[in-house]
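> okay, sequence plus prediction incoming.
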Amino acid sequence: MKDGVNGVALAVFILFFLAVTVMGFLAARWRRADNEHSLDEWGLGGRSFGTWITWFLLGGDLYTAYTFVAVPAAIYAAGAAGFFAVPYTILVYPLIFTFLPRLWSVSHKHGYVTTSDFVRGRWGSKGLSLAVALTGILATMPYIALQLVGIQAVLDVMGVGGDDTNWFVKDLPLLIAFGVLAAYTYSSGLRAPALIAFVKDTLIYIVIAVAIIYIPIKLGGFDDIFAKAGEAFSRTNPATGKPRGALTPAEPGQWTYATLALGSALALFMYPHSITATLSSKSRDVIRRNTTILPLYSLMLGLLALLGFMAIAAGVKVTNGQLAIPQLFEDMFPSWFAGVAFAAIGIGALVPAAIMSIAAANLFTRNIYKDFIRPDATPQQETKVSKLVSLLVKIGALAFVLTMDKTVAINFQLLGGIWILQTFPALVGGLFTRWFHRWALLAGWAVGMVYGTFAAYGVASPTQKHFGGSAKEIPGIGEIGYIGLTAFVLNVAVTVVLTFVLKAVKAPEGVDETRPEDYTADAGDPGVQVELPPATAGTSH
């Protein structure tokens, strides 16, 4: 790591940061509606985004700064096992092609803003809706925190703030970044990250394209890179007494690899921010087109993962693996282009953090505040509460980052993935069938949550006693697999068995407010329009 502050890189970083800050505030005037006092406008951008805006927004939402830092960091630390992120992003797109258009249609028809809105309307259960909302908020909070961790990693490598400075000076840049993010999200809502996503994704594609060509040339080609990486992975790790990693997954780890990829694919579009970006589009065809072009990001992710091998070949030595890729850029690129790369990571944190905070705020407002605290809240009051909660969510994430060890944030994010997967039966199951009983779905969710949490609590690592990973022996099989997928299977089994029992005893079903034709409706279909509360009737969407 270079001594002192990299002034050139920092100047370039600040230039891009100022540019997207201006864009964030100007976004409030972009596609401004006649009536801005509704969650449709602030939280979903007026449901007006076309194919390319949605593509950039979803890309900015799903491929975050943490992705940019953590995926190659996993390769750097353990080898090919870290590539699980590539197949899971390939698996996810055929999966969402089957259900996202249906979710968009029914949400457009009934004015649903969150997944919990749909769950309440489909199953007639506020309790199940509350469970889904709380799970979404819990899973999102550490995800936002990790975006701030990504910004902090970049600042550390640039030499901004150091261990020898007081806490306020060290964390001041992060506090400034947080303040700016909070301000333009409050002002512009979802339009801000939608506009900034163009800059973020363009920068990331440029950086990856340059890195995948320029760095191998400097390191002697991919043959040398893989040879050095293979040699490094074959060395024994003193902490475990085993090899550091492998260029290809070893046989004992193949169950872990496969179940982690499958479970992550099932969970990705259960996250509230994924659905928020989806529901902001203007038609179901926009969603269908996006499921066919979003795999371009998977290509980028595969190339990005190779940077982990390059960091090893370049001799990057860091105590925190999250710094490996920023340090690689610092060492290999000219200072001005390192600044561009750092800006890509920094802006890559701002976009998803904004969407995540909006999504969590919408869940609280619609499915906790309106359902249980103030049922007669007007659209204006809903929007005001959602704006305030989005600030509180970001403050919580910032406090999490500043007061706790970074590994704790990572562990909670892994736990969040286990939790959010347990909402799959209620959401995706509800899009295709009404057979499940609402009480059975709630019981299945509870079993999955409890098992997943306690199983993850019992996983130790060389550095910590609890929550040391997300893989454990699968009961009855004996192989090591992803805890989230095991919990999901238990969830579904309990749901199916209890549904048979509850139907046999004729337990009361909830009222379904949807109709079969709602799931294939499009914006242009005759008679199809968002069902708005009386106070917003007549507003253009």
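Perfect, I can see it now.

> what sits against residue 194?
27, 45, 49, 53, 56, 57, 280 (C-beta atoms under 8 Å, 6 or more residues apart in numbering). For glycine as for every other residue, the C-beta is placed from the backbone atoms N, C-alpha and C.

> the fifth one: which element?
So the one you mean is residue 56. Using DSSP states H and E, residue 56 falls within helix 51-62.

> quick one, helices of the stretch 51-200 of the chain?
Using DSSP state H, counting those that start in this stretch, the helices found in the stretch 51-200 of the chain span residues 51-62, 65-78, 85-110, 115-123, 126-158, 167-188, 191-219.

> let me see the contact set for the residue nearest in space to the middle of the chain.
Residue closest to the mean C-alpha point of the chain, counted by C-alpha atoms, centre = their mean, is residue 62 at 5.2 Å. Each residue near residue 62 by C-beta under 8 Å, 6+ apart is listed here: 89, 268, 274, 294, 297, 352.

> gap between it and residue 279?
Residue 62 sits 15 Å away from residue 279, going by C-beta to C-beta, to the nearest Å.

> ok, residue 332 next?
Residue 332 is 41 Å from residue 279, by C-beta to C-beta.

> what about the two, which has more around it?
Using other C-beta atoms under 10 Å as the criterion, residue 332 and residue 279 rank with residue 279 on top: 28 against 20.

> the more buried one against residue 104, yeah?
Yes. Here residue 279 lies in contact with residue 104, judged by C-beta atoms under 8 Å, at a distance of 6.4 Å.

> how many other residues sit next to residue 478?
Residues within reach of residue 478, counting by other C-beta under 10 Å, total 9.

> that one looks like it's in a helix, true?
No. Assigned with DSSP: H, G, I helix; E, B strand; the rest coil, residue 478 falls outside any helix and is coil.

> phi, psi for it please.
Dihedral pair for residue 478: phi 90, psi 0, per degrees, to the nearest 10.

> and residue 61, what does it touch?
With C-beta under 8 Å, 6+ apart, residue 61 has these contacts: 193, 197, 273, 274, 276, 277, 351, 352, 355.

> what about residue 441, distance to residue 346?
From residue 441 over to residue 346 the distance is 40 Å, taken as C-beta to C-beta.

> what is the burial count for residue 87?
By other C-beta under 10 Å, neighbour count at residue 87 equals 18.

> now residue 504
Residue 504: 8 neighbours (other C-beta under 10 Å).

> enumerate every residue touching it.
Not one residue lies near residue 504 by C-beta under 8 Å, 6+ apart.

> so, low pLDDT: which residues of the stretch 51-200 of the chain?
Within the stretch 51-200 of the chain, the ranges that satisfy pLDDT under 70 run 161-170.

> residue ranges for the helices of the stretch 301-450 of the chain, please.
Going by DSSP H, counting those that start in this stretch, the stretch 301-450 of the chain shows helices at 307-313, 324-332, 335-364, 379-403, 406-421, 424-432, 438-457.

> now the longest one, how far from the chain's geometric center?
Distance of helix 335-364 from the chain centroid (C-alpha atoms, centre = their mean, to the nearest Å) equals 11 Å.

> got the buried residues for that helix?
335, 337-364 (16 or more other C-beta atoms under 10 Å).

> ok, the fifth one next?
Neighbour-count burial for helix 406-421 flags 406, 408-421 (criterion: 16+ other C-beta under 10 Å).

> what residues does it touch?
Helix 406-421 is contacted from outside by 66, 70, 135-136, 138-143, 145-146, 149, 263-264, 266-267, 270-271, 320, 322, 400-401, 448-449, 452-453, 456, 463-464, 467-470, 483-485, 487-488, using C-beta under 8 Å, 6+ apart.

> what angle sits between that helix and helix 438-457?
Counting by axes from the mean of the first three to the mean of the last three C-alpha atoms, to 10 degrees, helix 406-421 lies at 150 degrees to helix 438-457.

> for helix 406-421, the distance to its chain's centre please.
11 Å.

> so for that helix, mean pLDDT?
The average pLDDT within helix 406-421 is 81.

> dump the C-alpha coordinates for it into CSV.
The C-alpha trace of helix 406-421 is given here as CSV (Å, rounded to 0.1, in the frame of the first residue of the first chain):
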residue,chain,number,x,y,z
LYS,A,406,-16.8,-5.4,9.3
THR,A,407,-17.0,-9.2,9.5
VAL,A,408,-20.1,-8.8,11.6
ALA,A,409,-21.8,-6.9,8.7
ILE,A,410,-20.7,-9.7,6.3
ASN,A,411,-22.1,-12.4,8.6
PHE,A,412,-25.4,-10.6,9.0
GLN,A,413,-25.7,-10.2,5.2
LEU,A,414,-25.1,-14.0,4.8
LEU,A,415,-27.8,-14.5,7.5
GLY,A,416,-30.1,-12.1,5.6
GLY,A,417,-29.8,-14.3,2.5
ILE,A,418,-31.0,-17.3,4.6
TRP,A,419,-33.9,-15.3,6.0
ILE,A,420,-35.1,-13.7,2.7
LEU,A,421,-35.3,-17.1,1.0
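
> give the burial count for the spatially closest residue to residue 494 that is not a sequence neighbour, as a bare number.
Residue nearest to residue 494 in three dimensions, not counting chain neighbours: residue 444, with 4.3 Å by C-beta to C-beta, 6 or more residues apart in numbering. Using other C-beta under 10 Å, residue 444 is surrounded by 27 other residues.

> tell me the pLDDT of residue 444.
Per-residue confidence at residue 444 stands at 98 (pLDDT).

> now it: how far from residue 452?
12 Å.

> same check on residue 317?
Note on residue 317: its distance to residue 452, by C-beta to C-beta, is 36 Å.

> more neighbours, those two?
Set residue 317 next to residue 452 and count neighbours by other C-beta under 10 Å: residue 452 wins out with 27 against 11.

> was I right about the more buried one contacting residue 458?
No. Counting by C-beta under 8 Å, residue 452 sits too far from residue 458 to count as a contact (11.2 Å).

> pull the contacting residues for residue 274.
Applying C-beta under 8 Å, 6+ apart to residue 274 gives the contacts 58, 61, 62, 268.

> and of those residues, the nearest to residue 223?
Using C-beta to C-beta, residue 62 comes nearest to residue 223 of those, at 32.7 Å.

> would residue 472 count as being in a strand?
Yes. Looking at residue 472 with three-state DSSP, it is inside a strand.

> quick one: contacts for the residue found closest to residue 329 once you drop the neighbours it is linked to in the chain?
The shortest distance from residue 329 to any non-neighbouring residue, by C-beta to C-beta, 6+ apart, is to residue 341 (4.3 Å). Contacts here follow C-beta under 8 Å, 6+ apart; on that basis residue 341 touches 207, 211, 326, 329, 333.

> please, which helix or strand holds the residue lying closest to residue 436 once chain neighbours are set aside?
Of all residues not flanking residue 436 in the chain, residue 499 sits nearest, at 5.2 Å (C-beta to C-beta, 6+ apart). Here residue 499 sits within helix 483-504, counting by DSSP H and E.
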